[in-house]
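In: Sequence first, predicted coordinates after that:
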Amino acid sequence: MKQSFKRWISMLLCAALLLSVFGCTKAPDGSNDQPSASGTKGRYLEQELKIPLPEGASEQGIIGVGQSENGLEVFTCVYSGTEEKTMIRYFRHTIQSDGTVTTTDEQWLNDLAADGGNEMRVQQASDGTLYMSYTGFDDQYNLVPHLIVSRDNGKTGESLTGDAIALLEQANSLGILADGKIAVSEYYNGNLYLLDANGNKVQSLDGETKKVMPVVAAQGTQVAYISKGAKSVAVLNTADGSSEEYPYDFAEQSTLSLAFAPDSAVYLCDSTGIYRHASGGT
């Protein structure tokens, strides 16, 4: 049963790739219906997940997906208020293996990101640490990037203040390495960075940022991104500097997403489908 539950979680985490392609994505119909398991098995729809709308909300945006020993965790945001004064609240929906859903306030985000902003993305590290990048605005409507972190499963959080935070004008993907370093893509100016755990710049990554939307993923000591020329996925081992490239001919100006599976296989999602590549395979 335990192994079956792990496979169930892995399947749902792959579905998270689709969410990150669209950034803050509108959630399905916010009824209290439990997840349904209809659909043809295999490469087609296997399970549709429905999460409840928080009380008083008419819609919510999905800003991240993670996992815990309790099941799949979906992070969402809800806007309210007026054009002059917008309010935002954040929630965590935990979907158990039996399909039951519990919803709680995501306190660290409610405390640190109450004004909201653009490109809100929650990323979970392998040790459970939570990160969110987003871009807010000052009184003159200048872009103000933020990278915040919770190390106690969402109870409290802190803002990272390293020298690279100001460079992340529109961060659109994050990846967290085992040593706490942060890989991040920034599409507004077209940059790929590796930061230390405090948000200071360690290095720029030499990937493609013009022909396709820049994107990163990270796990262990590895960082994945699109190689120059958009003809392959590059996987850099930050421990020894070695790298591999997995051929793939990307369509120009395509929107895509990358993710690592627990077995270190790389998943790629673009408009044509979801693809898996294991080291040494195809």
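Out: Perfect, I can see it now. Numbers count the residues shown, from 1 in each chain.
In: got a list of what the closest residue to residue 168 other than its chain neighbours touches?
Out: Spatially, and ignoring its direct neighbours in sequence, residue 168 is nearest to residue 145 (4.2 Å; CB to CB, 6 or more residues apart in numbering). All C-beta atoms are positioned from the backbone trio N, CA, C, and that covers glycine. Counting by CB atoms under 8 Å, 6 or more residues apart in numbering, residue 145 makes contact with 133-136, 165-171.
In: Mind giving me the PyMOL select for the residues you listed, buried ones only?
Out: Only the buried entries of the contacts of residue 145 go into this PyMOL selection, using 16 or more other CB atoms under 10 Å:
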select buried, resi 133+134+135+165+167+168+169+170+171
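In: Turn the contacts of residue 145 into TSV, including distance to residue 115, pLDDT and secondary structure.
Out: Below are the contacts of residue 145 laid out as TSV (distance: CB to CB, whole Å; pLDDT from 0 to 100; DSSP: H, G, I helix; E, B strand; the rest coil):
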residue	distance to residue 115	pLDDT	secondary structure
133	15	96	strand
134	10	95	strand
135	11	94	strand
136	6	90	strand
165	17	96	helix
166	18	94	helix
167	21	94	helix
168	17	94	coil
169	17	90	coil
170	17	91	coil
171	17	94	strand
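In: from the contacts of residue 145, which single one is nearest residue 108?
Out: residue 134 (13.0 Å; CB to CB).
In: so the residue nearest to residue 168 is in which element?
Out: Secondary structure from DSSP states H and E places residue 145 in strand 143-150.
In: Ramachandran angles for the residue at minimal distance from the centre of the chain?
Out: With distances taken as CA atoms, centre = their mean, residue 123 lies nearest the centre of the chain, 4.6 Å away. Geometry field for residue 123 lists phi and psi as phi -130, psi 130, criterion degrees, to the nearest 10.
In: May I have the residues that are in contact with it?
Out: 64, 66, 130-133, 174-176.
In: 10 Å instead?
Out: 20, 63-66, 75, 129-133, 149, 173-176, 182-184, 217-218 (CB atoms under 10 Å, 6 or more residues apart in numbering).
In: again, but for residue 150
Out: 106-109, 111-112, 122, 124, 128-132, 156-158.
In: What does the pLDDT read for it?
Out: pLDDT recorded at residue 150 is 98.
In: doesn't residue 76 fall inside a strand?
Out: Yes - assessed with DSSP: H, G, I helix; E, B strand; the rest coil, residue 76 lies in a strand.
In: what's the burial count for the residue lying closest to it once chain neighbours are set aside?
Out: Leaving out its chain neighbours, the residue that sits closest to residue 76 by CB to CB, 6+ apart is residue 60, at 4.3 Å. A count of nearby residues for residue 60, using other CB atoms under 10 Å, gives 25.
In: measure residue 60 to residue 53 for me?
Out: 6 Å (CB to CB, to the nearest Å).
In: Return the helix or strand in this structure with minimum mean pLDDT.
Out: Counting by mean pLDDT, DSSP states H and E, the weakest-scoring helix or strand in the chain turns out to be helix 2-21, with a mean of 43.
In: Roughly how far does residue 216 sit from residue 100?
Out: 34 Å.
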